[in-house]
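Engineer: the sequence and its predicted three-dimensional model are supplied below.
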Amino acid sequence: MNILIVGNGGREHAFAWKIRQSSLCNQLFIAPGNAGTALIGENAPIAVDDFEGLGKLCLAKDINLVVVGPEVPLVKGIRDYFEAHTDLRKIGLVGPGKLGAQLEGSKDFSKQFMIRNGVPTAKARTFLSHESAEAVNYLNTCTPPIVLKADGLAAGKGVIITDSIDEAKVAIKEMLEDKKFGSASSKVLIEEFLDGIELSVFVLTDGEHYVVLPEAKDYKRIGDGDTGPNTGGMGAVSPVAFADEAFMKKVDEQVIKPTIAGLKKESIPYKGFIFIGLMNVKGEPLVIEYNSRMGDPETEAVLTRIESDLVELFNACANGNLQNQKISISNDYAVTVVMASGGYPNEFEKGKVIKGLADSDKAWTFHAGTTLKDGKVVTNGGRVLAVTGKGTSINEASENAYSTVSKITWDGVYFRKDISQDLKRIENDLKQ
Ligand code: AMP
Ligand code: GLY
């Protein structure tokens, strides 16, 4: 079959890499793709939210399956567009419709959904743009740290965590009154702070049945030791030591099952990924957020551990047949280190020539923000590469990742030096 992947990041390069291994995949297209995906399939210069352009490409190339990577086209309704057109309706698509994507597109919607369906989550109150005074009064009753969340999509920047109530008051006024995040902050949630360790859990569902992919831990802050501003993610590790069988059973029973049952009960069709960001608070899973897609860079770690044919799984998901699918997961470790442009997540320069890219049988280099210029691979984004090392232990996987990272360079390259260190400590503690 002919397959189209929508997106241009490391996640989409990892999808392309895994999909290419399937005997079911004939032609592979990536829109718009990057310099890495160009090595595996054919890039098509179409924006992720140009539904008309994507639809035309699907018809011209006889596409049978579309895999949607990022949240923006999902929240804008790519599935709804395809379903509304007779000639596109028959094409399988991995990704929920506009309604399901609200699990990610509106933090207020997802919070109310969790409450209605008994999914454990942090307590929160929502304030509208004309309720800034009430929000400030409410903050006076809160104990720091305070968590403020813009309701809508804000490219990973819409969450503010502060120890100062005064700072929170200024921030909430900026969000509600000055529309700091545009319409995304026309509603703001003030949420209880959860103290624990974070875990990303990935579910592929057809709205009724589901398979659980390997879990991962993400490293959101820019600096070593989890310091500095939040980013899209600077690294990922899978598996995660504390996500043992007993904990994952709780996640399944208390979080995944009620989530899928809730979607059904509320008549929200859902064929795609649910990425559950949760906090392990003293052994109990509490949901921080849902995303309607896979994580990036978690995908670059997680997919290297899946032994099953991804196209078979995606096909079953798109056709509502996941009940017959089993997923086979390797016991190997995967450690992903993101290499970024100097200055990211603030301003950074593009167009720097990347040197030292080479194949390795111990690590994969997934391209995120790269493009080809005059036959050379150059930087083209904040997060540039995601290097995944594999190994039979977390140490070995991490050494393999960092050994490859050390061979690659460009002007201003930056990466965290401590990806997986905390999990090594946790793993050692659990062994004692
Ligand atoms: P989000 O955009 O919802 O993923 O939030 C970004 C990050 O903020 C999360 O990955 C957590 O590290 C942190 N965070 C969000 N909500 C909470 C919370 N209620 N308690 C503690 N940390 C949180
Ligand atoms: N790495 C976190 C995310 O994809 O949202």
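Structural biologist: Perfect, I can see it now. Numbers count the residues shown, from 1 in each chain. Ligands and ions are numbered 1, 2, ... in the order given.
Engineer: around ligand 2, which positions in the stretch 51-200 of the chain sit nearby?
Structural biologist: Along the stretch 51-200 of the chain, not a single residue is adjacent to ligand 2 under the rule C-beta under 6 Å from any ligand atom. From N, CA and C alone the C-beta is placed, and that goes for glycine too.
Engineer: pull up the residues of the stretch 51-200 of the chain that are close to ligand 1.
Structural biologist: 122, 147, 159, 161, 191-194, 198.
Engineer: ends of stretch 200-219, what's the gap?
Structural biologist: For stretch 200-219, the first-to-last residue distance is 11 Å (C-alpha to C-alpha, to the nearest Å).
Engineer: what about it, average pLDDT?
Structural biologist: Throughout stretch 200-219, pLDDT has a mean value of 97.
Engineer: again, but for stretch 141-148
Structural biologist: 89.
Engineer: for it, output the C-alpha coordinates as CSV.
Structural biologist: Output of stretch 141-148 as CSV, limited to C-alpha atoms (Å, rounded to 0.1, in the frame of the first residue of the first chain):
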residue,chain,number,x,y,z
THR,A,141,-6.6,30.8,48.5
CYS,A,142,-4.0,28.6,46.7
THR,A,143,-0.9,27.1,48.2
PRO,A,144,2.2,27.3,45.8
PRO,A,145,3.5,26.0,43.6
ILE,A,146,0.8,27.4,41.3
VAL,A,147,0.1,25.8,37.9
LEU,A,148,-1.5,28.0,35.2
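Engineer: Ala168 - nearest residue in space that isn't next to it in sequence?
Structural biologist: Ile146 (4.2 Å; C-beta to C-beta, 6 or more residues apart in numbering).
Engineer: contacting residues for that neighbour?
Structural biologist: Neighbour list for Ile146: 139, 161-163, 165, 168, 190, 193 [criterion: C-beta atoms under 8 Å, 6 or more residues apart in numbering].
Engineer: how about 10 Å then?
Structural biologist: 139, 160-165, 167-169, 171-172, 190-193 (C-beta atoms under 10 Å, 6 or more residues apart in numbering).
Engineer: pLDDT at Thr162, what is it?
Structural biologist: So Thr162 comes in at 86 (pLDDT).
Engineer: and it, how far is that from ligand 2?
Structural biologist: In this structure, Thr162 and ligand 2 are 21 Å apart, going by C-beta to the nearest ligand atom, to the nearest Å.
Engineer: do I have it right that that residue meets Ile190?
Structural biologist: No: if you go by C-beta atoms under 10 Å, Thr162 and Ile190 don't touch, sitting 11.3 Å apart.
Engineer: against Lys257, how distant is the closest residue in space to Lys250 that isn't next to it in sequence?
Structural biologist: In space, and not counting its chain neighbours, Lys250 is closest to Pro285: 5.6 Å by C-beta to C-beta, 6+ apart. Distance, Pro285 to Lys257, by C-beta to C-beta, to the nearest Å: 12 Å.
Engineer: the helix or strand that contains the residue nearest to Lys250 near ligand 1 anywhere?
Structural biologist: Per DSSP states H and E: Pro285 is located in strand 284-291. Yes: counting by C-beta under 6 Å from any ligand atom, ligand 1 is contacted by strand 284-291 at 288-289.
Engineer: confidence score at Ser132?
Structural biologist: For Ser132, pLDDT reads 79.
Engineer: my guess is it meets Lys173, correct?
Structural biologist: Yes: using C-beta under 10 Å, Ser132 is in contact with Lys173, at 5.7 Å.
Engineer: so between these two, which is more surrounded?
Structural biologist: Each of Ser132 and Lys173 has its neighbours counted (other C-beta atoms under 10 Å); Ser132 has more, 19 against 15.
Engineer: contacting residues for that one?
Structural biologist: Counted by C-beta under 10 Å, 6+ apart, Ser132 has contacts 169, 172-178, 188.
Engineer: helix or strand right after the helix or strand hosting Lys18?
Structural biologist: Using DSSP H and E, Lys18 maps to helix 10-20. Heading C-terminal from helix 10-20, the first helix or strand you meet, by DSSP H and E, is strand 28-32.
Engineer: which other helices and strands contact that following strand?
Structural biologist: Using 3 or more C-beta pairs under 10 Å, 6 or more residues apart in numbering; DSSP states H and E, the elements in contact with strand 28-32 are strand 3-7, helix 10-20, strand 42-43, helix 51-60, strand 65-68.
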